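Chemist: sequence unknown, structure follows:
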C-alpha cells in the first residue's frame, strides 16, 4: 500500500476480532494482540498496566472497534481500543524555561488543530535553570516535575475541550526542551549537569508512558522527550534541526536559535557542528524593562515613520500591547538606527524623538493610552545597550564557528533563523542591526518556534523520531572559548552594523 | 565461549566504563548502556524508572562495578549496578490457593539456598478461587493483590535475612499459579474467568517489574508469571510440564498433578493434551476433618503394622503431627486396605482396629498423646468415602483422556506424579488404592511440587522461560464431559482397586 502522507508515530487499526465463545475462549489480550499482529504483519506488545483497561474496552465495544498502536519503540505497542471513529489526537510541546508552547494535532488528517502558550509554573521556584536545579536538589525535584506535568496536562485539556474532545483521546506526546527542562520533566536528578564535568543522567529518554509521568492523557500514550547531546545542547535544538531538515540539507548551512542563549548549528547532511553561548537576556523577557516572551499583547513587529518618528507596531493576538518580545526588539533597534534616532553606537542622537522619563531618556513605542497596562511602553539606553551586547554576541559566535570549520559566510547555502519569540525574527532587520551577516536575502529562511515544530514533526512522521536520535549521534559540540580573539570580535560587533562596514554593504552608512 | 551450565534469566556483567571527564562527558545512562552493549554485543535497554537509581549507583561505585542484565524480554535490560561481588539472588514462587511455596536461589552457583512455605493470606477473604473472585469484584481486588504480594515479599525478606542478604539483591522472580491466582497477583479483573464462556483477561503476562506489583525486591527485577492456557489450565501446570521436561519427552507420557483438581497432561514432544477435573477435596485441606496441606506437622507417610494394626507415620519437618496431607492420605487408605481394616468398598470391616468416636467409627492414626493439638488424628467413614471419590475421579480422568487419544495405558513411557502435598505421592500406594494404573513401577517418576520446580527452572535457564510460552502455545485443552460413559467409569473405579480386577493384577485380592 502506498501512503499519500508520512506514517504518524501512533496509528489506528481496525482488526477483525472474533467474539469470545466456548469454542474460542482465548484471553482478551491474546485475542487483541493476535488480531493486531495479523493486521500489522509483525509482533505487537501490550504494557501490563493497560491489560485491565483494554480488556474492559473490548467487552464494552463488543470486540468491534479501533486499536491504537504506538510505533515509537522497538515493537508496535497496543495502547488503546476505542469504539469511536474520531481522529487520533497528539500533543507537541516546547518546554521552555519561561514558557510552554503546545500544539494539539489531528494525526489522521496530519494537521494542527489549535495551539496555546502558557507560562512555565516552575518560575515560582527560580527564574532560570540554575536556580531551579538548586531548588530540585534541595528536595523540590518532585514538585518541579509535577508543576511542569500539570501545566502541560491542564493546557492539553483546555485545547481538547475547545475541540469538543477529551484529553484521554490524546495518544502521543512529544516534548522538546533543554537538557535541564527535560531532566526535570522526567524526574531525573539534575545536580551534576551544572558541575564539572557536566554530566546529565540521561541523553535519551526511551519508553516513557504518560501515566508514569502523571500526565493526564491516555495512560499508555508514549511521551517522546527529545534526546540531548549533553548538558548544553538540549532536545529543543535537536527538534529545531529536524524542523529545518538541516540534517538533510545539501552544502553548509546555518541554523540559529536566538533566545537567552544564541544557539548555532552549522552543517548539513554531511556534518553538524553545534555551539552555544550566552547571547544575553535582551532577547527574552526579564531584563529589558518592557521585555517579555512571545505571548498575547507582545509587540512583535515595529516600523518607525521616518518623518513623524512615531512607531507603528503589531502585537501577538492583535491585543493591546503589554510589552515587547525578541523579534519586536530587533525590529525596533534596527528601525531606531535606520530613522537615525540612535547612532551606530546605539546612543540616542535625535532628542526630538526621545522622551525624558524618570529612568532617563527613552523612546516611546506605545503611549500610555494605547497599552493594556495604562503605562507607556518605552525603551531606554539600558535596554538598547543590552540588545547590542546580545546582537554582538550572536554575530561573534557565528564568525567563530564559521572560522573553526573554515567556511566563508558567502558560501552558506541556507541560513535558518529560529526563535520562540514573536512570529519570527525578520532577517532584514537583524541584518540592518548587524546581528546576522549581510547575505543575499533569499539565503535566509525565518522559521519561528522550531522547537515545537520539530516536536510536531515527530508525531506526524514516525521516521522523523528515529532521525532525532541519528541527529543527536551525529552532532559535534564545539566548546566556545571566550578568549581574547573572541572578545575582540565581540567589541567590533557592538557597533551598528559593525566597526568594519565592508561586512555590511547593504546597510546605509550615516555620518554622524 | 562454551558454558558449563545453562545461562540464567538474569546475569551479571562487568563492563569497563570510562570515568566521566570534560572530554568524555556523555550522560551516565548512555555511558552505562554503551559499556554493556559492547560487552554483550547487542543493544540493551534501561527502564526510565531506573535512571536515577542507576546513575546514583554509578557515581557511588566510581563507575567500577557489576551490571545486572535481565534477559527475559525481547532485549537485554540493565536493571542494576552494584559494587559487591556477591551472587545474584532469585526467587521462585508457587502461588497456590492455600499455600505459597518459595525457593531462594543463587543464580551464579545455580543452586537453591533455602525454601519456605507460608499460608496464602488471601484465605481470609475466601477459602477457594470462587469466593476470592467474588471478593475481588466486590471491590477487594487491590487488597487481594497486596496480600499475595506482601506475603511473597515478607517471606523473601526472611529467606534473604537467614542468608545474611537483602531482598534488594533479589533480581528476578518467577511465579507459577493457577489462572485466577495469576490474575489476582497481576491485579487483573478476574470476573469473566468464572462465567461462560470463561475468558481470562490475559494468558501471558510480559514485562512486569517487581516495583509495578509493589513487590519489595530490586525495583526493576522481572516478575515472570507463567502463562495460562485458559481459565482451567494455569501457569502452575505449565511450570509442571517444564519441570518434568514433558515437552521434550519421547513417546506418550502422563503428567498428573493431584490436588483439589486432578490435572492431567498426556503427550510428549510431539503433542500435549491436557484435561482437568474436580478430583474432590479429599487430597487437599478443608473437608477431611484432619486433612491439611503440606506444612510442618502434616503426616505425609503412613505404614500400618499388619499384626498390631497400628500406624507408623512420618511428618513434615519431623514435628508432632497436626493433621494429614494428601500423600499421607493416599498412603493411609492403601494401608487400611492392605491390612484389611477396610474392604474394597472402603468400609470398615475389622472392628478391633477401629475406635468409636462421637462422629462414629474411626481409625486412629495418631493418638492424642502424640499430637501437637492434644486431639487424636483419626479418619472416619466420611473422609474415606471422600478419598475414594477423589481416587475414582483421577482414574476415570486418566482413562478418558487416554481413550480420546487412542493410547493404551501399557504404552505409556513415563508417568510423572506431581503434587504440592507432602514430599510426594508414593506411586506404589496410589496403585494399590487403584488411583493410578497398575503399570511397571519403573514407569513412575514421583516429582513433588513441580510448580515451584518449574518456577526455579526458568530462573536458572533462560531458554526454559521461552519454552514456557511454547508449551502454552502447544497444549490442546480437552473439555471433560461428565457424561454417562464417564459416570460409569467413575462408579467402577470407586472400588479398591477397581471393579474390574484384571486391571490391577499386582494388587492383592481379598475375599471378604
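Modeler: Cool, got the structure. This is a predicted model, so every value here is computed, not measured. Numbering: from 1, shown residues only, chains lettered A, B, ... in the order given.
Chemist: how about low-confidence regions in the stretch 1-150 of chain A?
Modeler: Along the stretch 1-150 of chain A, segments meeting pLDDT under 70 span A:1-4.
Chemist: show me where it has its strands.
Modeler: Using DSSP state E, counting those that start in this stretch, the strands of the stretch 1-150 of chain A run over A:10-13, A:66-70, A:77-82, A:89-95, A:99-106, A:111-119.
Chemist: so for residue A:22, which of those sits nearest?
Modeler: Of all those, strand A:77-82 sits nearest to residue A:22, with 23.2 Å by CB to CB. No exception for glycine: its C-beta is placed from N, CA and C like everyone else's.
Chemist: residues making contact with the closest one?
Modeler: A:10, A:32-33, A:36, A:44-47, A:50, A:54, A:57-58, A:61, A:65-70, A:171, A:218, A:220-222 (CB atoms under 8 Å, 6 or more residues apart in numbering or on different chains).
Chemist: run the angle between that strand and strand A:66-70 for me.
Modeler: Interaxial angle of strand A:77-82 relative to strand A:66-70 (axes from the mean of the first three to the mean of the last three CA atoms, to 10 degrees): 150 degrees.
Chemist: return the set of buried residues in strand A:77-82.
Modeler: Across strand A:77-82, burial judged by 16 or more other CB atoms under 10 Å in any protein chain shown covers A:77, A:78, A:79, A:80, A:81, A:82.
Chemist: how far off centre is that strand?
Modeler: Between the centre of strand A:77-82 and the centre of its chain there are 29 Å (CA atoms, centre = their mean, to the nearest Å).
Chemist: which SS state does the most centrally placed residue in chain A fall under?
Modeler: What sits nearest the mean C-alpha location of chain A, by CA atoms, centre = their mean, is residue A:451, with 2.6 Å. Using DSSP: H, G, I helix; E, B strand; the rest coil, the structure places residue A:451 in helix.
Chemist: which residue ranges of the stretch 251-400 of chain A form helices?
Modeler: Under the criterion DSSP state H, counting those that start in this stretch, helices of the stretch 251-400 of chain A are mapped to A:326-338, A:381-405.
Chemist: coming back round to it: and chain B, which of the contacts of strand A:77-82 contact it?
Modeler: Residues of the contacts of strand A:77-82 in contact with chain B (CB under 8 Å from any CB of the partner chain): A:45, A:46, A:47.
Chemist: what about the residues you listed, which are in helices?
Modeler: Counting by DSSP state H, no part of these is found in helices.
Chemist: how about CSV for those residues, with neighbour count and distance to residue B:20 added?
Modeler: Formatted as CSV, these follow (neighbours: other CB atoms under 10 Å in any protein chain shown; distance: CB to CB, whole Å):
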residue, neighbour count, distance to residue B:20
A:45, 18, 34
A:46, 21, 38
A:47, 21, 33
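Chemist: sorry, back to before: export the strands of the stretch 1-150 of chain A to JSON lines and tack on distance to residue A:388?
Modeler: Shown next, in JSON lines, are the strands of the stretch 1-150 of chain A (distance: least, CB to CB, whole Å):
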{"stretch": "strand A:10-13", "distance to residue A:388": "47"}
{"stretch": "strand A:66-70", "distance to residue A:388": "48"}
{"stretch": "strand A:77-82", "distance to residue A:388": "51"}
{"stretch": "strand A:89-95", "distance to residue A:388": "28"}
{"stretch": "strand A:99-106", "distance to residue A:388": "25"}
{"stretch": "strand A:111-119", "distance to residue A:388": "28"}
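Chemist: and those, which is most packed in?
Modeler: Highest mean neighbour count among these (mean count of other CB atoms under 10 Å in any protein chain shown): strand A:89-95, with a mean of 29.
Chemist: pull out the buried residues from the least confident helix or strand in chain A by mean pLDDT.
Modeler: The weakest-scoring helix or strand in chain A, judged by mean pLDDT, DSSP states H and E, is strand A:272-278 (a mean of 80). Across strand A:272-278, burial judged by 16+ other CB under 10 Å covers A:272, A:273, A:274, A:275, A:276, A:277.
Chemist: how near is the first one to residue B:479?
Modeler: Read that as residue A:272. Residue A:272 sits 64 Å away from residue B:479, taking CB to CB, to the nearest Å as the criterion.
Chemist: isn't residue A:365 up against residue A:302?
Modeler: Yes. The pair residue A:365 / residue A:302 is scored as a contact, 6.6 Å apart, by CB atoms under 8 Å.
Chemist: more neighbours: which of these two?
Modeler: The neighbour comparison of residue A:365 against residue A:302 (other CB atoms under 10 Å in any protein chain shown) goes to residue A:365, with 27 against 24.
Chemist: what pLDDT is listed against the more buried one?
Modeler: Note on residue A:365: pLDDT of 95.
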